[in-house]
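Asker: Quick one, what's the 3D model for this:
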Amino acid sequence: MNDLTSTGAIRIVFEEQELLDAAVSQYKLAAEAFCSALPDTPHILLVEDDPTIVAVMERTIGTLGNVLWAKDGKEAVEFLRRYAIDIIFADSVGLPAVPLLQEMAPDTRIVVVSGKPAPEVLPEGVYRWIRKPFDYKEIRQIVQDHIDLEYEKE
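Answerer: From the prediction side, this is the model:
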């Protein structure tokens, strides 16, 4: 009886992960299509491994630009190869890729969103460091400031 319950629990977790992976794939396809359809709005890349944080961030800044999601630094590099990204919000999974991301797109603003406190000196290429839990207004303001500087002057 215990084995059956254990197997059932594992099966449920596995099925939930499959659903999550399918939803992530559909999200990425839709976001890429949206990004291509609206090239004159900011492209914002979230490098985050927690889908809950991604959902909160997208609700926070989704009306200000095209939001793409990379689950790690490797995926972030792939997005930068395909799109001109204006702002990157990266958590700790994206932090190791910051030097390469900055090299690939030196004009892109990189904002670290982490549960860890900011170091005394920000890593090279990092524009801002925001500590989790973050203030939604601060996140929106970073995007709005970029829009005001880059898109309003045209």
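Asker: List the buried residues for stretch 141-154?
Answerer: For stretch 141-154, the neighbour count (16 or more other C-beta atoms under 10 Å) marks Ile142, Val143, His146 as buried. Every C-beta, even on glycine, is put in place using the N, C-alpha and C of the backbone.
Asker: Residue ranges in this protein under the pLDDT threshold?
Answerer: Counting by pLDDT under 70, the ranges of the chain that qualify are 1-39, 151-154.
Asker: the strands in it, which residues?
Answerer: Here the chain has its strands, by DSSP state E, at 43-47, 66-70, 87-90, 109-114, 126-131.
Asker: And the fourth one, what does it pack against?
Answerer: Okay, so that is strand 109-114. strand 87-90, helix 98-104, strand 126-131, helix 136-150 (3 or more C-beta pairs under 8 Å, 6 or more residues apart in numbering; DSSP states H and E).
Asker: mind redoing it with 6 Å?
Answerer: On a contact count with 3 or more C-beta pairs under 6 Å, 6 or more residues apart in numbering; DSSP states H and E, strand 109-114 meets strand 87-90, strand 126-131.
Asker: any idea how far Glu48 is from Ala76?
Answerer: Going from Glu48 to Ala76 by C-beta to C-beta, to the nearest Å gives 10 Å.
Asker: So which of the two has more stuff around it?
Answerer: More crowded of Glu48 and Ala76, by other C-beta atoms under 10 Å: Ala76, with 28 against 24.
Asker: The residue nearest the centre of the chain bridge partners, please.
Answerer: Most central in the chain under C-alpha atoms, centre = their mean is Leu46, positioned 0.8 Å from the mean C-alpha point. Beta bridges link Leu46 to Trp69, Phe89, judged by DSSP bridges.
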